[in-house]
Structures are given as C-alpha cells and as structure tokens.
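Asks: just a sequence and a predicted model for now, questions to come.
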Amino acid sequence: MANRTYLFACNQKPTGKPAPGRTIIGLSEWNYDIPLAYRILVSVNPETCFSSIWTEPADPSVVPQHMAVVGASEPGLARLKEVFTRITLPQAQRVINASLEFLDRPDRKLGYYFLEPAELFAMDDDEEIPELNRKLFASLASLDEEIDDAVAAINAGSEEGLQVFRDFGFGNWSTVLYHDIDEPRPASA
C-alpha cells in the first residue's frame, strides 16, 4: 500500500468530532509526496487542525489537533489559477484546463480545502506527525520561490521541467479516494 496525501473540500473546519451538516468531498490523493498544487490550495489563511482520517495518535502524548491543514478554498483556488496563468508550456494546457474544470464545479466549492498528510508523515521514524505538520504549515508562508522555480522549469520544457509538471499535482483529481472520510481509523492502524 502506498502512503498518500489526501486533499478534500469541506464546509467546516475539522474539529476531530462528528459535526451536524458537515460535508467533506474527496478531491485528490498523491502517493509519497505533498504536491505543490495541494500546498497552494491550502496556503491562504491556513490553520493546523484535527485529522478526519486519523482519530487518535498511537502515542498519547501527541496532540491530535495538529495533524492536518485547512485553508480558505476560494482564495486558495484563485492563487492556483494565478500560477496556472504563468505556465505557458503548450503540453500543459490540457491538463491545466481539466484541473480547473474539476475544481471549479460548484459542488466542490465548500469554503475550505483540507489537506491530510498524516499517512505520509507516518513513514517518518524520526519526527512525530504533529511536528512534521507544523513544518508543512510553516512552509506554506514561503511558497513563492518554489512556485517561481516550478513555473520556470515547466515552461523550459526540459525533461526536468516535465518531471516538475508531473509532480505538481495535476491529473489525479477524483472524488473517489482510498479513504472514506466518514470511516476514520486509529493512527496506530
């Protein structure tokens, strides 16, 4: 089984408890990494939050409310769209347009994007999930240089640039993900 990062749209910030009227829709999953597109989407007004997949850490000293990241979806999507306008590589346009078509659907605009990296972070033997998530959260404030470098590499059209494009997070959009968000599992599983 691959360790994945999951991206969801939700209408309420995750609280770690069932919430009446809560809607969470899967948007994408990515194996063994946190794509730049996901980080851009949660980078506006982000907060660390509870996981909706991992209900409790294996270590009781771990604070569970710092296991995921939530960000405002409308400005996050606007930021991603701005990045897309800077990508001029002709081969990228079809995938960019498909991404926008998927993300722009009204039923996927719920107020927040919710990033679940805990399954990926569980692979790290040196640091706890909340610490890795805090580092991810801190990195969201300084994405501009990484974005500029990625756009330049993609537009160059080199093999390296095409790999950057493949790793950006395009082309994996689906509302059907490995985890059903309504069936949380313990972190120790």
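Replies: Received it, and whenever you're ready, just let me know what you need. Residues are numbered from 1 along each chain as shown.

Asks: what about this protein, any weak spots by pLDDT?
Replies: Low-confidence segments of the chain, defined by pLDDT under 70: 1-2, 54-65, 178-189.

Asks: can you give me the helices for it?
Replies: For the chain, the helices defined by DSSP state H cover 36-41, 73-86, 90-103, 118-121, 129-139, 144-156, 159-167.

Asks: show me the residue sitting in the middle of the protein in space.
Replies: Closest residue to the average C-alpha location of the chain: Tyr38 at 3.5 Å, with Cα atoms, centre = their mean.

Asks: so it makes contact with Arg4?
Replies: No. Using Cβ atoms under 8 Å, Tyr38 makes no contact with Arg4, being 11.1 Å away. Yep, even glycine has a C-beta here, placed from its N, CA and C like the rest.

Asks: spell out which residues are contacts of both of the two.
Replies: Common contact partners of Tyr38 and Arg4 (Cβ atoms under 8 Å, 6 or more residues apart in numbering): Trp30.

Asks: distance of the residue nearest to the centre of the chain relative to Gly71?
Replies: Relative to Gly71, Tyr38 is positioned 10 Å away (criterion: Cβ to Cβ, to the nearest Å).

Asks: identify the contacts common to these two.
Replies: Counting by Cβ under 8 Å, 6+ apart, the contacts common to Tyr38 and Gly71 are 113, 115.

Asks: distance check, Thr20 against Leu110.
Replies: Slight slip there: residue 20 is Pro, not Thr. For Pro20 relative to Leu110 (Cβ to Cβ), the value is 15 Å.

Asks: name the residue in those two with the higher neighbour count.
Replies: Leu110 (18 against 5; other Cβ atoms under 10 Å).

Asks: surely that one and Arg22 touch.
Replies: No. Leu110 is beyond contact range of Arg22, at 9.9 Å (criterion: Cβ under 8 Å).

Asks: which neighbours do the two have in common?
Replies: With Cβ under 8 Å, 6+ apart, Leu110 and Arg22 have common neighbours 10-11.

Asks: need the contact partners of stretch 28-42.
Replies: 2-7, 69-71, 73, 76-77, 79-80, 83, 99, 113-115, 117, 120, 136, 139-140, 143, 146-147, 150, 167-170, 172-174, 177-178.
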